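S.K.: requesting a structural model of the entry that follows:
(one chain, ligands or ions: 1)
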Amino acid sequence: MLGTVPDRRAPAVPPRSRRLDHRRPGAAAVTPTSYWETIDPLLSQVRKPAQYVGGEHNQVASDWDAADTRWLLCYPDTYEVGQPNQGIQILYEILNERATALAERAYAPWVDMEALQREHGIPAFSLEHHRPLWAFDVFAVTLPHELGHTNLLNLLDLGSVPIRSAGRSVEDPIVLVGGHAAYNPEPLAPFIDAAVMGDGEEVTLEVDDAIRTWKRIHLGDGQSPGPDARGDLLKRLAAVEGVYVPAFYEPRYYDDGRLRQTVSVEPGVPSRVPKRTVQDLEQWAYPRKQIVPMTETVHERFSVEIFRGCTRGCRFCQAGMITRPVRERRPETIQKLVEDGVRDTGFNEVGLLSLSSADHSAIGSVARDLADTYEGTTTSLSLPSTRVDAFNVTLSNELARNGRRTGLTFAPEAGSERMRAVINKMVSEADLLRTAETSFSEGWRHIKLYFMVGLPTEQDEDVLAIADLGIKAYEIARKYGKANKVTLSVGGFVPKPHTPFQWVAQDPPEEIRRKLSLIRHAIKAHGGLKLRTNDPEEGVIEGLLARGDRRVAPAVERAWELGARFDGWHEMPTLETWMQALAETGVDLDWFSYRERDENEALPWDHLDSGLEKSWLWEDWQDSLTEKDLDDCRWSACYDCGVCPGLSIDHDTGYTGGFQLPVLPQGLGGGSEDLPTAPERYASGS
Ligand code: SF4
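M.R.: Have a look, this model is predicted:
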């Protein structure tokens with residue numbers, strides 16, 4: 001887990017006292033006071049106190065009383081992990097640009113701070129004004145993975161908001177989730193009011209419109225809301241495309257425990273909720289005013305998303321599958337965002353972000369132009385790309401003109417060519433070794449290679465091929481310098497929804513541990529070749545929550561009650577707690593995680609439409625079993641995965657004029673400057 005701290009002892013989880021109760025009837029109608037005066041004297045007692053202070057450069061301090069809708073945007077982990085999150089920074093800006101809305105941020109307090117908050121009656125609070133969570137209209141939580149679920153429950157409890165949606169009143173905030181883990185929110189269904197599927201820029205403003213209208217109708221002119229007011233708000237949210245309200249859907253099961261179907265039980269709500277896709281990223285050039293962190297964070301750099309989506313078709317990769325199609329930013333937009341951002345923030349490192357940054361159709365000129373701009377300065381550029389080829393090394397050389405050639409990272413993902421055909425990561429061993437040769441011969445001193453074990457159809461020989469590849473790469477490294485290094489970074493595979501591997505059985509942690517020890521043993525004689533592994537137990541909770549259904553929810557609640565927090569942190573070994581919670585609530589890990597599903601089994605996320613046809617995912621899974629690879633559809637024929645139809649995407653031209661699929665929304669070629677931007681179209685508050 002990112003953001004580790006040196007202290008390996010498990011900190012004591014604060015006893016969960018009674019629900020904090022600071023609220024008075026009608027309290028949300030008055031301006032809440034800041035808790036800063038109570039928080040400030042306590043900060044000398046906690047680790048990393050700066051994370052609770054706020055006041056960073058580019059923080060927005062909007063007028064509470066002038067806003068019709070107030071959002072608390074939350075990343076359910078510590079400030080050091082969550083602060084750089086691009087999704088929150090984007091939504092923060094576009095909401096605060098709106099005259100009628102206000103957005104503040106919150107992160108999960110570490111356990112030392114939580115204990116003090118409970119002791120001194122301080123609710124979960126916003127960073128900007130230290131206002132209590134309960135006072136906001138919306139508590140919007142991004143879930144990049146599943147290991148923040150217990151933190152989400154803890155924040156609700158600490159924020160004096162009922163844990164379960166059914167227990168909330170009009171006084172309580174609407175609890176929204178988004179992000180990749182929201183593509184299967186079923187294990188959180190009783191705790192959230194709604195999940196937002198897909199890109200957040202447009203849908204967030206539509207949700208804001210719906211809430212503002214609802215407030216005007218039900219709470220305007222000091223009137224008292226009727227008994228159905230909260231139900232009406234949920235209906236208004238469900239009417240926004242891309243918003244899923246779990247209370248309006250019910251799962252039905254067969255007697256043997258398999259899911260039969262999840263059906264809508266509220267008239268008018270869609271039987272399948274489609275994801276939202278921002279078709280033209282050019283119109284949403286955010287964040288423009290990136291917040292500069294107050295203290296150490298996991299990524300301290302100015303980040304620009306150069307494109308969204310990926311069509312390489314890696315079968316294990318949920319991010320690649322659910323963010324299709326590819327939408328690029330124009331080179332000139334990237335250049336301007338970088339120049340403005342570096343000037344405004346003072347960061348001296350720039351990251352060009354995407355799922356596979358070297359795949360931008362104009363990446364060569366983007367890298368060259370940026371390198372020209374910052375040559376001779378202290379600003380360094382980085383491409384956190386994992387593509388395994390010499391072109392990537394050339395790009396990195398260009399971007400490293402200003403700095404030392406230290407480390408490069410590549411992700412072959414699997415050791416044998418057979419295994420790479422199964423996962424559709426088509427890199428030959430020769431490609432990989434040639435890339436290593438190019439890297440070390442051009443002065444790079446360290447390469448890191450990412451792999452997974454526990455992949456479908458994997459045999460021990462595939463696992464040992466990881467060690468073999470590492471040894472060969474290390475022999476190349478040594479040719480160019482005794483101090484050169486190769487690190488193998490190996491984690492256990494966790495199957496995710498909306499991917500071709502959504503049906504497969506996950507390897508239990510004992511099996512992952514055995515496979516890792518095979519690698520460790522095989523490289524023992526090569527002292528300079530380093531092996532870094534993830535704790536095999538980390539994948540247990542992640543796997544359960546990724547593919548669980550609503551029957552897992554009581555276990556989430558019980559695990560939190562028993563003290564589970566920060567489930568992805570080494571410092572918080574919560575597996576034992578979870579095992580107790582599973583035993584008490586009767587949730588069977590074998591059933592949810594270690595069992596292969598068949599084609600006809602209904603899946604808990606079937607009613608949530610990521611755009612990918614289930615039949616295509618199944619076909620791709622069968623292709624994987626015959627080791628059949630699939631090309632990137634940007635450079636070859638469309639293989640009809642289901643995502644693009646209906647999206648007004650022109651498949652034939654790209655911003656750079658080359659043949660490229662799919663990039664340019666129809667009707668915007670060459671004339672897009674004359675069209676209103678999306679924020680203009682979503683005019684503030686009117
Ligand atoms: S519909 Fe075709 S072009 Fe679009 S992402 Fe799927 S395979 Fe690629």
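
S.K.: excluding covalently adjacent residues, which one is nearest to residue 61?
M.R.: Leaving aside its sequence neighbours, residue 61 sits nearest to residue 128 (C-beta to C-beta, 6 or more residues apart in numbering; 5.9 Å). From N, CA and C alone the C-beta is placed, and that goes for glycine too.

S.K.: which helix or strand contains the one you found?
M.R.: Assessed by DSSP states H and E, residue 128 sits outside every helix and strand.

S.K.: how far does stretch 187-195 sit from its chain's centre?
M.R.: How far stretch 187-195 lies from its chain's middle: 17 Å, per C-alpha atoms, centre = their mean, to the nearest Å.

S.K.: nope, stretch 229-242 is what I meant
M.R.: In terms of C-alpha atoms, centre = their mean, the centre of stretch 229-242 is found 25 Å from the chain centre.

S.K.: quick one: residues contacting residue 541.
M.R.: 146-147, 567, 574-575, 578 (C-beta atoms under 8 Å, 6 or more residues apart in numbering).

S.K.: who wins for most neighbours among those?
M.R.: residue 567 (27 neighbours; other C-beta atoms under 10 Å).

S.K.: wait, doesn't it sit right on residue 150?
M.R.: Yes. Residue 567 lies in contact with residue 150 (C-beta atoms under 8 Å); the separation is 5.8 Å.

S.K.: follow-up on the earlier one: neighbours of the residue nearest to residue 61, how many?
M.R.: Count around residue 128 with other C-beta under 10 Å applied: 23.

S.K.: state the distance from it to residue 72.
M.R.: Per C-beta to C-beta, to the nearest Å, residue 128 is found 10 Å from residue 72.

S.K.: mutual contacts of residue 567 and residue 150, please.
M.R.: residue 574.

S.K.: just say helix, strand or coil for the residue nearest the centre of the chain.
M.R.: Centroid-nearest residue in the chain: residue 144, 2.3 Å away (criterion: C-alpha atoms, centre = their mean). Secondary structure, DSSP: H, G, I helix; E, B strand; the rest coil: residue 144 is coil.

S.K.: the nearest residue to residue 470 once chain neighbours are set aside bridge partners, please.
M.R.: Nearest non-adjacent residue to residue 470, counting by C-beta to C-beta, 6+ apart: residue 488, 4.5 Å away. In this entry, residue 488 is beta-bridged to residue 449, residue 531, by DSSP bridges.

S.K.: how many other residues sit next to residue 488?
M.R.: Residue 488, neighbours per other C-beta under 10 Å, totals 24.

S.K.: let me see the contact set for residue 324.
M.R.: 309-311, 611-612, 641, 643-644.

S.K.: show the pLDDT at it.
M.R.: We have a pLDDT of 93 for residue 324.

S.K.: count of neighbours near the closest residue to it other than its chain neighbours?
M.R.: Spatial nearest neighbour of residue 324, chain neighbours left out: residue 643 (4.4 Å); criterion: C-beta to C-beta, 6+ apart. By other C-beta under 10 Å, the residues close to residue 643 number 25.

S.K.: what's the separation between residue 372 and the ligand?
M.R.: To the ligand, residue 372 is 34 Å away according to C-beta to the nearest ligand atom, to the nearest Å.

S.K.: that residue belongs to a helix?
M.R.: Yes. Checked against three-state DSSP, residue 372 lies within a helix.

S.K.: closest approach to the ligand from the stretch 51-200 of the chain, which residue is it?
M.R.: Residue nearest to the ligand within the stretch 51-200 of the chain: residue 198 (14.2 Å; C-beta to the nearest ligand atom).

S.K.: before we move on, the earlier item: what about the residue nearest to residue 470, distance to residue 362?
M.R.: 33 Å.

S.K.: what's the most distant pair in the contacts of residue 541?
M.R.: Using C-beta to C-beta, the pair of the contacts of residue 541 lying farthest apart is 146 and 575, separated by 14.1 Å.

S.K.: need the nearest residue in space to residue 447, chain neighbours excluded.
M.R.: Of all residues not flanking residue 447 in the chain, residue 408 sits nearest, at 5.1 Å (C-beta to C-beta, 6+ apart).

S.K.: same question, residue 266
M.R.: residue 248 (3.7 Å).

S.K.: now do the same contact list for the residue of the stretch 151-300 of the chain found nearest the ligand.
M.R.: Per C-beta to the nearest ligand atom, residue 277 is where the stretch 151-300 of the chain lies closest to the ligand, at 10.9 Å. By C-beta under 8 Å, 6+ apart, residue 277 lies in contact with 198-199, 325, 611, 647.

S.K.: please repeat the previous calculation with a cut-off of 10 Å.
M.R.: Neighbour list for residue 277: 197-199, 202, 242, 308-309, 323-325, 327, 611, 643-644, 646-649 [criterion: C-beta atoms under 10 Å, 6 or more residues apart in numbering].

S.K.: repeat for residue 245
M.R.: Shown in contact with residue 245 (C-beta under 10 Å, 6+ apart): 165, 189, 192-195, 233-239, 264, 266, 269, 273.

S.K.: buried subset of those residues?
M.R.: Using 16 or more other C-beta atoms under 10 Å as the burial test, those include 165, 189, 192-195, 233-238, 264, 269, 273 as buried.

S.K.: return the residues in contact with residue 445.
M.R.: Shown in contact with residue 445 (C-beta under 10 Å, 6+ apart): 404-408, 439, 477, 480-481, 483-485.

S.K.: which of those residues are buried?
M.R.: Buried residues within these, defined by neighbour count using 16+ other C-beta under 10 Å: 405, 408, 439, 477, 480, 484-485.

S.K.: in helices, which of those appear?
M.R.: Counting by DSSP state H, the buried ones among the contacts of residue 445 place 439, 477 in helices.

S.K.: just the ones of the contacts of residue 445 in strands?
M.R.: 407-408, 485 (DSSP state E).

S.K.: for the ligand, state which of those is nearest.
M.R.: Proximity of the ones in strands among the contacts of residue 445 to the ligand (C-beta to the nearest ligand atom) peaks at residue 408, which lies at 28.9 Å.

S.K.: quick one: contacts for the closest one?
M.R.: Residues in contact with residue 408 (C-beta under 10 Å, 6+ apart) are 383, 385-386, 392-393, 396-397, 400, 435-436, 438-440, 442, 444-449.

S.K.: who in the stretch 201-350 of the chain is up against the ligand?
M.R.: Within the stretch 201-350 of the chain, the residues that sit near the ligand (C-beta under 6 Å from any ligand atom) are 311, 324-325.

S.K.: pLDDT wise, what is the residue of the stretch 151-300 of the chain closest to the ligand at?
M.R.: The per-residue pLDDT reported for residue 277 equals 95.

S.K.: could you do residue 427 as well?
M.R.: The predicted local distance difference test score for residue 427 is 89.

S.K.: lowest-confidence helix or strand of the protein?
M.R.: Here the helix or strand of the chain ranked lowest by mean pLDDT, DSSP states H and E is strand 664-665, holding a mean of 38.

S.K.: sorry, back to before: for the contacts of residue 324, which single residue is the most surrounded?
M.R.: Counting neighbours by other C-beta under 10 Å, residue 311 comes out on top of those with 27 neighbours.

S.K.: how about it, what does it touch?
M.R.: By C-beta under 10 Å, 6+ apart, residue 311 lies in contact with 320-321, 323-326, 355-356, 359, 630-636, 638-639, 641, 643-644, 661-662.

S.K.: give me phi/psi at the residue lying closest to residue 559 once chain neighbours are set aside?
M.R.: Spatial nearest neighbour of residue 559, chain neighbours left out: residue 581 (3.8 Å); criterion: C-beta to C-beta, 6+ apart. Here is the backbone geometry of residue 581 (degrees, to the nearest 10): phi -60, psi -40.

S.K.: buried set for the helix or strand hosting residue 38?
M.R.: Under the criterion of DSSP H and E, residue 38 resides in helix 36-39. Within helix 36-39, the residues that qualify as buried are 38-39, counting by 16+ other C-beta under 10 Å.
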